[in-house]
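J.: Compute the structure for the input listed below.
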Amino acid sequence: MANKFLFLVALLVFGFNSYSQTTNTKKWRKTENDSMQNALFLLDEGKYLQALPMYEKLFTAHPKEEYLKYCYGRCALYRSDKHEEALKLLNEVYEKNKKVEDIEYDLARANHYNYKFDEAIALLDKFLTNKKTLPESKSKAQQLKQYCISGKTLFANPTEAKIINTGNVINTVDDEYVPVISADENLMIFTYRGVQSVGGLQNEMMLPDPYGVYYEDVFQSNKLNGEWSKPTPIPTINTNTHDAAIALSADGQSLFIYRDNGDDHGDIYLSKLVKGEWTVPEKLKGEVNSYSWEGSCSMTADGKHLYFSSERGGGLGGKDIYRATFLADSTWGNIINLGDSINTALDDDAPFIHPDGVTLFYSSKGKNSMGGYDLFQARLNMLDSTFNQPVNMGYPINTPDDDIYYVLSANGERGYYASGKQGGAGLKDIYSVYPGYVGKKPSLYIVKGTIKSSSMPVEGLISVEVTSMAGKKFGDFKANVVNGNYLISLPVGAQFKLSYTYSTFAAKSLDINTVGIEGYNEKIFDVDFGAQDSVKPILAVVEPKKDSVALTTTPVKTIDFTFIPNNPAQLKTQEYSLKYGDITSEGLVFKVQIAAYKYPKNYKYAHLKGLGKVEDLLLDDGITRITIGGGFNSLSDAFEHNKKVVKAGQKDAFVTAIYKGKRVYLEKLEELGIFIKK
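T.: Numbers count the residues shown, from 1 in each chain. The predicted structure is shown next:
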């Protein structure tokens, strides 16, 4: 190992010999030689952030050493509050020696981070035409050029979003990121990484190491009188390995944790709030976790679905976002890839499904990102359980650096995410965003209050059914045993009955009608069992807004916002048949899709024997779709075949429409007028 370091030092100093007449390397004190050796090792291992403070110290002591300037500038690219310094140093290096390996690419990155997109593109064009540039490096340069092109457009058309640092009570000189909040915005839990981390500086074996890193821990803060309290660590969750907060249920009583114990590539765990304390996290039961990495998730307000990111095989590339269903045996299953409307050939991560059940936020390195991860917003189409075309949330929310782990308050007023931008308290800080959404404000109805018995808080139960859907169950919820508080997020477009029970007391109920409701609505409903002097109304009805009279004078068909079937095509077909009857048109064909891949796999379909030929369908979007049974001229015929495929065990099969050689959504066919009215 020592010989390797001596070779690297000799090689690198020789490579930069033209910068100065003499080198001061041999004159350094022994301690500086040790620091140089450690810095070279970390740089060689790609541990740029760990090498950064070493090179900063060495360069400060020897500012005329051009090689140290290069190393310090290159490492500074990996810390967002030093991007300006990285640009300055690498520019100076490039002016003196344009033959430094990959210098155009490194300098292009520095310009990109500093919003100098034209300068970055010019450097990348030069880098790409260099015959010595390796194919892998060219691929990275081409992706960076695409980021610059998107960045120019987004930067030139900023949104009205205002970004505000949450302040020094939450943020420190260390890392704070992945904020998650309860629906009432009174609880924030986040991931911390710094001097307060359990275990201190550790190496990859989780042993104390002065050249190691801090591992992730979970902290929480409560809002008191409109201000965040001093964050405190959660001792039942934090260990000397990576423990990161990734999601919080809308009622603030279920906390999802990411943990990597070294032998499973990272999995998702669950902790519950019991008697005011978080339980020791347990690995999520069911099929969400695999041998691959799973590291981000978000649960719907009714607790029936979990959106999560995974690197498992069969996706479109890198990390993909999936949806799981909570099954009758209390496990998570029926895993479905969200498909190419959300996922790309690059990484797609950090999903957050808003309590309204239809607005999805996530981060992607693909689509029209302006650099690394950008934040995107998409809305669920309840007719076919697919998401519409995602929208980039724009600048200044997105930057040329990674922008990830975004959540939105239930009322839609504020978004929260982390960034390492300049002007913060330290490394990554947590920021709030106003407004926190693109386009129409999410619509939601919150019911919250306190359940008591003889004026003492109790863990009462609340059962919610969807009365507009023939008594369909929405979910069961509990009040907090310590303070009796409860919070339930109801989607709009349906009628609900909330039944409150505790011990042997007679149940009390509340009827809520969210048809015609828009924006954020809230009702406080307190219940006191057995207290004769504070009896609450057994029945309270919330009527639609007055401006929705038309909805109450004509038959209203509400959509079930509480359930996404395993077979999305069933709901889609039923809804469109109800509106228009059968759908058919020249140039239009329907196929039953059973899988989709960016890179075709050997798909096994023995369970589908007798249901027609399995075919590969490659469209101009580069995605290969696996279909079965050939093509159908009418939607109803395709749907009938799709039901047979589902019954045969392919639970996620659905009908896809191909119009003139391109895949289209049913709502697009509706816009084009391709239907036959009854």
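
J.: Please enumerate residues in contact with the top helix by length along the chain?
T.: Identified as the longest helix of the chain according to DSSP state H is helix 135-156. With contacts defined as C-beta atoms under 8 Å, 6 or more residues apart in numbering, helix 135-156 is touched by 102, 105, 108-109, 112, 115, 117-118, 120-121, 124-125, 127-128, 133, 346, 368-372, 392, 394-395, 398, 400. Where you see a C-beta, it was placed from the backbone N, CA and C, and this is true even at glycine.

J.: roughly how far is the next helix or strand along the chain from it from the heart of the chain?
T.: For helix 135-156, the following helix or strand on the C-terminal side (DSSP states H and E) is strand 162-165. Computed by C-alpha atoms, centre = their mean, to the nearest Å, the chain-centroid distance of strand 162-165 equals 20 Å.

J.: on contacts alone, who are the packing partners of strand 162-165?
T.: strand 429-434 (3 or more C-beta pairs under 8 Å, 6 or more residues apart in numbering; DSSP states H and E).

J.: Wait, a helix at Val288?
T.: No: Val288 sits outside any helix when classified using DSSP: H, G, I helix; E, B strand; the rest coil, being coil.

J.: can you tell me which residues contact it?
T.: Ile268, Glu294, Cys297, Leu306, Phe308, Ser310, Ala324, Trp332, Ile335.

J.: if you set the cut-off to 7 Å instead, what comes out?
T.: Neighbouring residues of Val288 by C-beta atoms under 7 Å, 6 or more residues apart in numbering: Ile268, Glu294, Leu306, Phe308, Ala324, Trp332.

J.: And Ile189, by the same measure?
T.: Val180, Val218, Gln220, Ala245, Leu248, Leu255.

J.: burial of the spatially closest residue to Gln202 that is not a sequence neighbour, as a residue count?
T.: In this structure, Gln202 finds its nearest non-sequential neighbour in Gly212, 4.6 Å apart by C-beta to C-beta, 6 or more residues apart in numbering. By the measure other C-beta atoms under 10 Å, the count of residues near Gly212 is 17.

J.: likewise Ser35?
T.: A count of nearby residues for Ser35, using other C-beta under 10 Å, gives 17.

J.: For it, what is the enclosing helix or strand?
T.: In this structure, Ser35 is located in helix 30-44 according to DSSP H and E.

J.: shaky segments in the stretch 551-678 of the chain?
T.: Residues of the stretch 551-678 of the chain meeting the criterion pLDDT under 70: 551-581, 597-604, 620-623, 651, 667-668, 670-673, 675-678.

J.: Show me the strands in it, by range?
T.: Using DSSP state E, counting those that start in this stretch, the strands of the stretch 551-678 of the chain run over residues 588-597, 614-618, 624-632, 654-659, 662-664.

J.: any chance of those strands in CSV, plus distance to Lys508 and mean neighbour count?
T.: Shown next, in CSV, are these (distance: least, C-beta to C-beta, whole Å; neighbours: other C-beta atoms under 10 Å):
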stretch, distance to Lys508, mean neighbour count
strand 588-597, 47, 22
strand 614-618, 55, 13
strand 624-632, 51, 19
strand 654-659, 42, 23
strand 662-664, 49, 16
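
J.: Export those strands as JSON lines, with columns for distance to Gly519.
T.: Below are these laid out as JSON lines (distance: least, C-beta to C-beta, whole Å):
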{"stretch": "strand 588-597", "distance to Gly519": "36"}
{"stretch": "strand 614-618", "distance to Gly519": "41"}
{"stretch": "strand 624-632", "distance to Gly519": "38"}
{"stretch": "strand 654-659", "distance to Gly519": "32"}
{"stretch": "strand 662-664", "distance to Gly519": "31"}
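
J.: Find the nearest non-adjacent residue to Thr325, please.
T.: Leaving aside its chain neighbours, Thr325 sits nearest to Asn334 (4.2 Å; criterion: C-beta to C-beta, 6+ apart).

J.: quick check, that neighbour in a strand?
T.: Yes: remark: Asn334 belongs to a strand, assigned using three-state DSSP.

J.: neighbours around it, how many?
T.: 17.

J.: which parts of the helix or strand that contains Lys88 are buried?
T.: Following DSSP H and E, one finds Lys88 within helix 83-96. By 16 or more other C-beta atoms under 10 Å, the buried positions in helix 83-96 come out as His83, Glu85, Ala86, Leu87, Leu89, Leu90, Val93, Tyr94.

J.: ok, back up a step: name the member of the contacts of Val288 with the most neighbours.
T.: Going by other C-beta under 10 Å, Phe308 tops the contacts of Val288 with 27 neighbours.

J.: how near is that one to Asp260?
T.: 15 Å (C-beta to C-beta, to the nearest Å).

J.: And for Ser432?
T.: 29 Å.

J.: Can you get me a residue count around the residue lying closest to Asp125 once chain neighbours are set aside?
T.: The shortest distance from Asp125 to any non-neighbouring residue, by C-beta to C-beta, 6+ apart, is to Lys145 (7.7 Å). By other C-beta under 10 Å, 20 other residues sit near Lys145.

J.: Over to Gly649?
T.: Neighbour tally, Gly649, other C-beta under 10 Å: 10.

J.: cool, Leu248 as well?
T.: For Leu248, using other C-beta under 10 Å, the count is 24.

J.: Quick one: residues contacting it.
T.: Contacts of Leu248 (C-beta under 7 Å, 6+ apart): Val180, Ile181, Ser182, Ile189, Leu255.

J.: Can you flag which of these belong to strands?
T.: Val180, Ile181, Ile189, Leu255 (DSSP state E).

J.: Please identify which pair of these lies farthest apart.
T.: Ile181 and Leu255 (11.6 Å; C-beta to C-beta).

J.: would you list every one of the helices in the stretch 551-678 of the chain?
T.: With DSSP state H, counting those that start in this stretch as the criterion, the stretch 551-678 of the chain has helices at 568-580, 635-647, 666-672.

J.: Please give the centre-to-centre distance between the helix or strand where Val178 lies and its chain.
T.: Element membership of Val178 [criterion: DSSP H and E] is strand 175-181. Put simply, strand 175-181 sits 12 Å off its chain's centre (C-alpha atoms, centre = their mean).

J.: For it, which strands pair with it and how are they oriented?
T.: Strand 175-181 sits in its sheet next to strand 187-193 (antiparallel), going by DSSP bridges.

J.: Send over the partner strand as PDB, restricted to the C-alpha atoms.
T.: Presented in PDB, the C-alpha positions along strand 187-193 are these (Å, rounded to 0.1, in the frame of the first residue of the first chain):
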ATOM      1  CA  LEU A 187     -44.400  17.100  14.400                       C
ATOM      2  CA  MET A 188     -41.300  17.000  12.300                       C
ATOM      3  CA  ILE A 189     -38.900  14.000  12.200                       C
ATOM      4  CA  PHE A 190     -35.700  14.200  10.200                       C
ATOM      5  CA  THR A 191     -32.400  12.500   9.600                       C
ATOM      6  CA  TYR A 192     -29.300  14.000  11.200                       C
ATOM      7  CA  ARG A 193     -25.600  13.300  10.500                       C
END
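
J.: for it, the distance to its chain's centre please.
T.: 16 Å.

J.: With stretch 191-201 instead?
T.: Counting by C-alpha atoms, centre = their mean, stretch 191-201 comes out at 24 Å from the chain centroid.

J.: Now it: buried residues?
T.: Quick answer for stretch 191-201 (16+ other C-beta under 10 Å): Thr191, Tyr192, Arg193, Ser197, Val198, Gly199, Leu201.

J.: ditto for stretch 58-68
T.: Leu58, Phe59, His62, Glu65, Glu66, Tyr67, Leu68.

J.: Between the two ends of that stretch, how far is it?
T.: Criterion C-alpha to C-alpha, to the nearest Å; first-to-last residue distance in stretch 58-68 is 7 Å.

J.: Check the gap between Phe654 and Arg625 for me.
T.: For Phe654 relative to Arg625 (C-beta to C-beta), the value is 11 Å.

J.: can you list residues touching both of the two?
T.: Counting by C-beta under 7 Å, 6+ apart, the residues touching both Phe654 and Arg625 are Gln593.
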